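[1] generate a structure from the sequence data that follows.
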Amino acid sequence: MTTKLALSLALFASVASPAIAATASIPDFGPNVLIFNPAMPTATVQAQIDRVYATQRRNEFGPERNAILFLPGEYNVDVPLGFYTQVLGLGVSPDSVHITGNVHSDAALRNNNATTTFWRAAENFCVAPTNGAMQWAVSQAVPFRRMHVQGDIVLHQNGGWASGGWMSDTLIDGNVAAGPQQQWISRNSEWHSWTGANWNMVFVGVPEPPQGEWPNPPYTKIAKTPIIREKPFLQVDSSGNYSVRVPSLSTNSSGITWHAASTPGKTIPIRKFYIAHPNRDNAATINAQLARGKNLLLTPGIYDLTEAIRVTRANTVVMGLGFATLHPINSTAAMTTSDTDGIIIAGILFDAGPTQSPVLLQIGPDKNKATHTKNPISLHDVFFRVGGAGVGRAAINLEINSNDTIVDHTWIWRADHGAGVGWTSNLSDNGLVVNGNNVIAYGLFVEHHQQFQVLWNGNHGRTYFYQSEIPYDPPDQPSYTSAPGIDGWASYKVADNVTSHEAWGLGVYSVFRHPNVALARAIEVPATHGVRFHHMITVALDNLGEISNVIDDKGGPTQVAPNRVTPKVAEFGQ
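    Alright, predicted model coming up:
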C-alpha cells in the first residue's frame with residue numbers, strides 16, 4: 001500500500017493541472033456536452049451536474065445522452081452518474097483531473113438492486129471519496145477506465161444484487177469490495193487488495209490478483225494480457241488544444257499504462273476529426289467526411305440512419321461521446337468497415353431499428369486471408385441493444401470477418417424488459433458471429449438472443465471472460481430447438497470445423513419464464529485437440545427449466561429446489 005500510495009501522489013504532483021489558455025478554441029461538441037474548468041464556481045458546476053442526473057437517474061430507455069468533461073485541475077463536487085452519462089477527465093493522465101467529493105453509481109431499482117444499472121461510464125480522472133470509499137453499483141455496459149481512486153471502491157450498494165462489470169487501466173489505492181457482484185472482469189489494473197467473489201471473477205494482466213484458486217473462490221487469473229490497445233481518449237494540452245490520444249498496441253502486458261503519467265501512443269489533433277451532431281448529420285454527411293479522410297467523433301444523441309456509416313480508410317478512429325447511439329431505420333447495417341489495418345471503433349451504442357437489419361456492426365465485408373497482427377482493428381466499449389426503447393430487429397448484432405480483431409468490452413443485449421419486447425417482437429438470431437481468425441475478446445457479455453448467443457466460426461479465437469443469460473421468453477420447446485432432439489441453442493457455440501479455440505472464465509445463466517423449456521448445453525464445441533475451455537459455471541436463476549450440461553455432455557444439470565445446484569467444469573479439452 002505504501003509504495004502504491006507514494007506512486008499515486010508522485011503522479012498527481014508530476015501532472016499538476018496546467019493552466020488552460022482562455023483564448024483557446026473549444027470544439028463544437030453540441031448542447032449535450034458540459035465542459036467544466038477549475039475556475040468555475042463549485043456551486044455552478046454542481047448545479048449543472050445535478051440537472052443532468054435529475055433527467056438520467058431513472059431514464060433507462062429515454063432519448064437523452066450526456067457527456068460531462070472536466071478540464072485539468074481540482075474540483076470539489078459530487079458526481080452521480082445516471083443512464084447514458086459519460087464522465088471524462090481531459091488530462092494526459094487520470095491524475096490531471098482531481099475530484100474531491102465523490103463519483104458514484106447507485107442502484108437503479110429498489111432494494112439496492114443494481115441489475116439494471118446500465119450505460120454509464122467514468123474515464124480518465126482521479127477521485128478522492130470523502131468517506132474513503134467510492135460506490136460503483138453497476139451491471140452491464142458500464143466502462144470504468146483509466147481511473148485512479150484514492151481510497152476504496154465498492155461494486156454494489158449495501159449488499160444488493162449487481163451483475164457487472166468492467167475495470168481496465170485503473171489504479172485503486174485501497175480495497176476493491178466485490179460483495180454480491182455476480183461476475184466481473186478486471187484487465188490491466190492495480191489495487192492494494194480485492195475482497196469478495198460470487199460466480200465468475202476474471203483477472204487479466206493484473207499484477208496482484210486476489211489469493212485463491214477457482215472454483216473456491218471463483219477466481220480466474222491470467223498473468224499477462226496477450227495483446228491490447230487501450231481505448232482512445234480525448235485530451236487537452238496547456239494551451240487549450242483538444243486532441244485524441246491513441247494508445248500504442250502492447251503485448252504481454254500487466255498493470256496500468258500511465259505509470260509515467262502519459263500513456264504511450266500517438267496524438268491526433270481534433271481538427272482531423274469530423275464532429276457529428278445528431279440534429280444535423282445523417283449517414284450521407286458522415287460518409288462524405290470519412291471519404292475525405294476525416295476521423296469521426298459522434299457527439300451525444302441518437303442518429304437515425306437510412307444507410308450504413310462506412311469506415312473504409314486504414315487507421316480511422318471512430319469515437320462516440322455520451323453513449324452516442326446509431327439507430328438504423330431502413331433495414332440496413334448501422335456501420336460497416338473495410339478489411340484494413342488499424343480501424344478503431346469506441347464508445348458507441350448500436351440500437352436496432354423496427355425493420356430487421358441483417359447486421360448492426362460488420363467488421364470486414366466477408367471472410368478473407370489478410371492479416372492485421374501488427375495493427376489490428378479494435379473495438380472498445382461497443383454496445384448493442386435490440387428492443388427496450390421500442391421494437392428492434394436484427395439478424396446479427398456484431399459480425400467480425402476481419403482476422404486479428406480485438407474486442408475490448410462489449411454488451412450485446414436483446415432486451416428482456418422495456419418497450420417492444422417479446423418472442424415475436426424484438427427479433428435477434430445471434431449476438432456475435434466471428435468468421436475471422438485470431439480474433440480475441442476481453443469482457444464478452446451477450447444475452448437473450450434467440451439462437452446462438454455467440455457463434456464462433458474462425459480459428460484460433462480466444463475469449464477472456466464471458467457472461468450470458470439465455471433468452472427468458474421461449475414460449476415452448478419446439479420454438480427453442482437448434483436441431484432434432486437438441487433442446488435450445490447453446491449460448492457459446494464453436495463451429496464443428498474449428499480446430500483451435502480457447503476461453504477462460506465463462507458463466508451462463510437461465511431465467512425461463514415459461515414451463516417445460518430447457519437448454520441441453522450452455523457451451524457446445526467440437527471434440528478437437530486444439531479446443532480448450534477453462535473455468536465454467538451454469539446457474540438457474542428461476543425455478544423453471546434447466547441447463548442440462550455445462551459444456552457438451554459434461555457438468556450435469558442446474559437445479560433450484562430443494563437445494564440450488566450450480567454445475568461447474570474446471571477444464572475441458574487437451
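[2] residues near Leu81, how many?
    As a burial measure, Leu81 scores 27 neighbours (other C-beta atoms under 10 Å). Using the backbone N, CA and C atoms, a C-beta is placed for each residue, glycine as well.
[3] isn't it right next to His104, touching?
    Yes. The criterion here is C-beta atoms under 8 Å, and Leu81 meets it with His104 at 7.1 Å.
[4] next, Asp476: secondary structure please.
    Under DSSP: H, G, I helix; E, B strand; the rest coil, Asp476 falls in the coil class.
[5] now do the contacts for it.
    Taking C-beta atoms under 8 Å, 6 or more residues apart in numbering, we find Asp476 in contact with 514, 516-517.
[6] looking at those, which is nearest Thr410?
    Nearest to Thr410, judged by C-beta to C-beta, of the contacts of Asp476 is Val517 at 27.0 Å.
[7] C-terminal to the helix or strand of the chain with the lowest mean pLDDT, what's the next element?
    Every helix and strand of the chain was ranked by mean pLDDT, DSSP states H and E. The lowest is helix 2-14, at a mean of 39. Using DSSP states H and E, the next helix or strand after helix 2-14 towards the C-terminus is strand 33-36.
[8] tell me what that following strand is packed against?
    helix 42-56, strand 66-70 (3 or more C-beta pairs under 8 Å, 6 or more residues apart in numbering; DSSP states H and E).
[9] what lies in contact with it?
    Taking C-beta under 8 Å, 6+ apart as the rule, strand 33-36 contacts 26, 29, 45, 48-49, 52, 66-71, 75, 299-300, 321-322.
[10] top of the contacts of Asp476 by number of neighbours, please.
    The most crowded member of the contacts of Asp476 is Val517, carrying 25 neighbours; neighbours defined as other C-beta under 10 Å.
[11] could you tell me how many residues sit around Val439?
    26.
[12] so it makes contact with Asn401?
    No. Counting by C-beta under 8 Å, Val439 sits too far from Asn401 to count as a contact (9.6 Å).
[13] residues contacting the residue nearest to Lys369 when sequence neighbours are not counted?
    Nearest residue to Lys369, sequence neighbours excluded (C-beta to C-beta, 6 or more residues apart in numbering): Asn403, at 7.8 Å. Applying C-beta under 8 Å, 6+ apart, we find Asn403 in contact with 368-372, 436-439, 458.
[14] Gly422 now?
    Residues near Gly422 by C-beta under 8 Å, 6+ apart: Asp473.
[15] and the gap between Asp381 and Phe233?
    Using C-beta to C-beta, to the nearest Å, Asp381 is found at 11 Å from Phe233.
[16] likewise Val550?
    To Phe233, Val550 is 38 Å away according to C-beta to C-beta.
[17] go on, Leu69?
    Per C-beta to C-beta, Leu69 is found 11 Å from Phe233.
[18] what residues are shared contacts of the two?
    Leu88.
[19] the two: which is more packed in?
    Using other C-beta under 10 Å as the criterion, Leu69 and Phe233 rank with Phe233 on top: 26 against 23.
[20] filter the contacts of strand 33-36 to the buried ones?
    Neighbour counting by 16 or more other C-beta atoms under 10 Å classes 29, 45, 49, 52, 66-71, 75, 299-300, 321-322 among the contacts of strand 33-36 as buried.
[21] tell me how many other residues surround Thr100.
    Neighbour count for Thr100, taken as other C-beta under 10 Å: 14.
[22] one more: the one 3 residues further on?
    Neighbour count for Val103, taken as other C-beta under 10 Å: 23.
[23] same check on Leu349?
    24.
[24] ok so, going back, quick one: which of the contacts of Asp476 is nearest His409?
    Val517 (30.7 Å).
[25] can you tell me the helix or strand for the closest one?
    Val517 is part of no helix or strand, with elements assigned from DSSP H and E.
[26] for it, give its distance to Tyr480.
    In this view, Val517 and Tyr480 are 6 Å apart by C-beta to C-beta.
[27] and for Ala137?
    Separation of Ala137 from Tyr480 (C-beta to C-beta): 33 Å.
[28] quick one, which of the two is more surrounded?
    Neighbours per residue, other C-beta under 10 Å: of Ala137 and Tyr480, the larger number sits with Ala137, 27 against 23.
[29] surely the more buried one and Ser163 touch.
    No. Under the criterion of C-beta under 8 Å, Ala137 is not in contact with Ser163, lying 10.5 Å apart.
[30] need the overlap of contacts for the two.
    Ala114.
[31] and stretch 498-512, what's buried?
    Going by neighbour count (16+ other C-beta under 10 Å), the buried part of stretch 498-512 is 498, 500-512.
[32] in JSON lines, list the residues you listed along with distance to Trp184 and pLDDT.
    Below are those laid out as JSON lines (distance: C-beta to C-beta, whole Å; pLDDT from 0 to 100):
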{"residue": "Val498", "distance to Trp184": "28", "pLDDT": "98"}
{"residue": "Ser500", "distance to Trp184": "28", "pLDDT": "98"}
{"residue": "His501", "distance to Trp184": "23", "pLDDT": "98"}
{"residue": "Glu502", "distance to Trp184": "21", "pLDDT": "98"}
{"residue": "Ala503", "distance to Trp184": "17", "pLDDT": "98"}
{"residue": "Trp504", "distance to Trp184": "14", "pLDDT": "98"}
{"residue": "Gly505", "distance to Trp184": "10", "pLDDT": "98"}
{"residue": "Leu506", "distance to Trp184": "14", "pLDDT": "98"}
{"residue": "Gly507", "distance to Trp184": "11", "pLDDT": "98"}
{"residue": "Val508", "distance to Trp184": "16", "pLDDT": "98"}
{"residue": "Tyr509", "distance to Trp184": "15", "pLDDT": "98"}
{"residue": "Ser510", "distance to Trp184": "20", "pLDDT": "97"}
{"residue": "Val511", "distance to Trp184": "20", "pLDDT": "97"}
{"residue": "Phe512", "distance to Trp184": "25", "pLDDT": "97"}
